[in-house]
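Colleague: Below is the structure, and that's it, no one-letter string:
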Ligand code: ATP
């Protein structure tokens with residue numbers, strides 16, 4: 001799986017539709033200060049479901065919508081399409097290409113699409129769950145966070161390494177399963193109580 005293309009429209013400084021076509025391997029984006037390099041990584045975080053405006057270097061989520069410049073008016077919608085090549089089947093869907101789209105209106109309303117069909121944020125997160133992509137993962141290291149990783153406590157750093165290595169998701173699943181088992185125990189006790197009452 002690799003990031004095949006990114007299409008930005010009305011997102012931060014990208015007022016016009018801008019298409020970034022990427023190849024497998026390493027891609028470097030270079031440009032002068034303030035030209036929009038970080039806005040590109042923000043768009044990846046955003047389309048993958050980020051809900052915290054601060055993680056996108058804004059005050060409110062509406063800050064992702066192009067706010068206008070001296071040369072042009074603001075727009076009402078921000079939209080990002082992220083296309084992943086899935087020929088190796090990393091993502092658990094029967095498509096060789098998966099396009100995730102997120103749109104946001106000035107009203108604050110956000111919508112997601114997967115391969116053009118309306119979807120919930122949860123569906124996007126579910127598809128990406130095992131891929132190492134998604135919100136809260138450290139596949140995207142923003143400016144400044146490298147310092148905080150280097151200065152973090154050993155146990156916090158271990159959690160980051162575990163997450164990057166894909167161990168954390170198994171730990172989370174284990175925890176989820178343990179919680180389900182505990183719930184089942186409670187239900188079972190309740191069923192036994194009811195059965196005893198009936199007898
Ligand atoms: P540096 O190399 O200094 O880190 P950069 O290339 O990463 O810079 P960004 O931080 O991605 O640059 O882009 C900053 C630019 O994006 C600023 O000019 C800012 O005004 C513009 N910008 C951010 N949000 C919006 C928005 N909602 N509408 C219009 N422009 C925006």
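Modeller: Ah, there it is. Everything numeric here is computed off the predicted structure, so don't read it as measured data. Residues are numbered from 1 along each chain as shown.

Colleague: distance of residue 40 from the ligand?
Modeller: 7 Å (C-beta to the nearest ligand atom, to the nearest Å). Placement of C-beta: from N, CA and C, glycine included.

Colleague: just the strands in the chain please.
Modeller: 2-9, 18-21, 77-85, 97-105, 110-114, 117-119 (DSSP state E).

Colleague: tell me how far the last one is from the chain's mean position?
Modeller: Centroid displacement of strand 117-119 relative to its chain, using C-alpha atoms, centre = their mean, to the nearest Å, is 16 Å.

Colleague: before we move on, what about the third one?
Modeller: Between the mean C-alpha location of strand 77-85 and the chain-wide mean there is a distance of 12 Å, by C-alpha atoms, centre = their mean.

Colleague: Return the list of helices and strands in contact with that strand.
Modeller: Other elements packing on strand 77-85 under the criterion 3 or more C-beta pairs under 8 Å, 6 or more residues apart in numbering; DSSP states H and E are strand 2-9, helix 37-47, strand 97-105.

Colleague: could you redo the ones you listed as a markdown table and give each row mean pLDDT and mean neighbour count?
Modeller: Formatted as a markdown table, these follow (pLDDT from 0 to 100; neighbours: other C-beta atoms under 10 Å):
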| stretch | mean pLDDT | mean neighbour count |
| --- | --- | --- |
| strand 2-9 | 96 | 19 |
| helix 37-47 | 94 | 20 |
| strand 97-105 | 97 | 19 |
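
Colleague: can you redo the ones you listed as a markdown table with distance to residue 72?
Modeller: Output for these, formatted as a markdown table (distance: least, C-beta to C-beta, whole Å):
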| stretch | distance to residue 72 |
| --- | --- |
| strand 2-9 | 14 |
| helix 37-47 | 16 |
| strand 97-105 | 19 |
